[in-house]
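Q: Okay, structure incoming, though there's no sequence with it:
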């Protein structure tokens, strides 16, 4: 059974998800943006070990705790290569320089890839628009949407890597997914894809 434990952390209240199969003692952390000690303490209290981190994109509020967690656990890191290669500059300071960190294992993933971790299977969906390499992860009936899709909204496109037309295409693809999904976004409350199809102005055709 899929188990999801949720933490909202930092100034931006970024949603961090600790995800695993109920029969598995290994877990996946999705978007650890802040407070690595809080995240690792939550993992320890659940009696789990961290097998992998999945990043929906490379903005600082989603990746800031990555280095400390990888150093503490030796876990794998999965993300899009196009966000990994972004160097912070005065004009482009939303990307955290995680590529400078000494990671034991970095895996780049893209549309259609399958990731096995935490006793679960995640299907990668490329959803650029908020950043060049924004990804969604589908696990069973749950969609981890990062900053591509929120309850009642969608990600900004005025930040580095953003493009309104590209995001529109990604949102259309999400709207066209077969069936309903629980949507776990990068910020704000959980929702469902059916509800967003009906209520979200950015998802309605």
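A: Great, that's in hand. A quick note: this is a predicted structure, and the numbers were derived from the prediction, not measured.
Q: Beta-bridge partners for residue 21, please?
A: Residues in a beta bridge with residue 21, per DSSP bridges, are residue 2.
Q: how far away is it from residue 139?
A: Here residue 21 is placed at a distance of 10 Å from residue 139 (CB to CB, to the nearest Å). Placement of C-beta: from N, CA and C, glycine included.
Q: does the residue nearest in space to the middle of the chain count as helix, strand or coil?
A: Centrality entry for the chain: nearest residue to the mean C-alpha point is residue 56, 3.0 Å, by CA atoms, centre = their mean. Per DSSP: H, G, I helix; E, B strand; the rest coil, the secondary structure class of residue 56 is coil.
Q: low-confidence ranges in the chain?
A: 87-105, 205 (pLDDT under 70).
Q: residues contacting the residue nearest to the residue nearest to the centre of the chain when sequence neighbours are not counted?
A: Spatially, and ignoring its direct neighbours in sequence, residue 56 is nearest to residue 146 (2.6 Å; CB to CB, 6 or more residues apart in numbering). Shown in contact with residue 146 (CB atoms under 8 Å, 6 or more residues apart in numbering): 31, 56, 57, 62, 127, 130, 134, 135, 136, 155, 185, 186.
Q: Inside strands: which ones of those?
A: With DSSP state E as the criterion, strands contain 135, 136, 185 from among these.
Q: buried residues in stretch 185-205?
A: Neighbour counts over stretch 185-205 (16 or more other CB atoms under 10 Å) mark 185, 186, 187, 191, 192, 193, 196, 197, 200, 202, 203 as buried.
Q: export those residues to CSV and tack on secondary structure and distance to residue 121?
A: What follows is those, written out as CSV (DSSP: H, G, I helix; E, B strand; the rest coil; distance: CB to CB, whole Å):
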residue, secondary structure, distance to residue 121
185, strand, 21
186, coil, 21
187, strand, 26
191, strand, 23
192, strand, 21
193, helix, 19
196, helix, 24
197, helix, 25
200, coil, 27
202, coil, 28
203, coil, 25
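Q: and those residues as a markdown table, adding distance to residue 41?
A: Listed next are these as a markdown table, based on distance: CB to CB, whole Å:
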| residue | distance to residue 41 |
| --- | --- |
| 185 | 24 |
| 186 | 22 |
| 187 | 22 |
| 191 | 28 |
| 192 | 30 |
| 193 | 32 |
| 196 | 33 |
| 197 | 37 |
| 200 | 35 |
| 202 | 36 |
| 203 | 36 |
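Q: Noted, bye for now.
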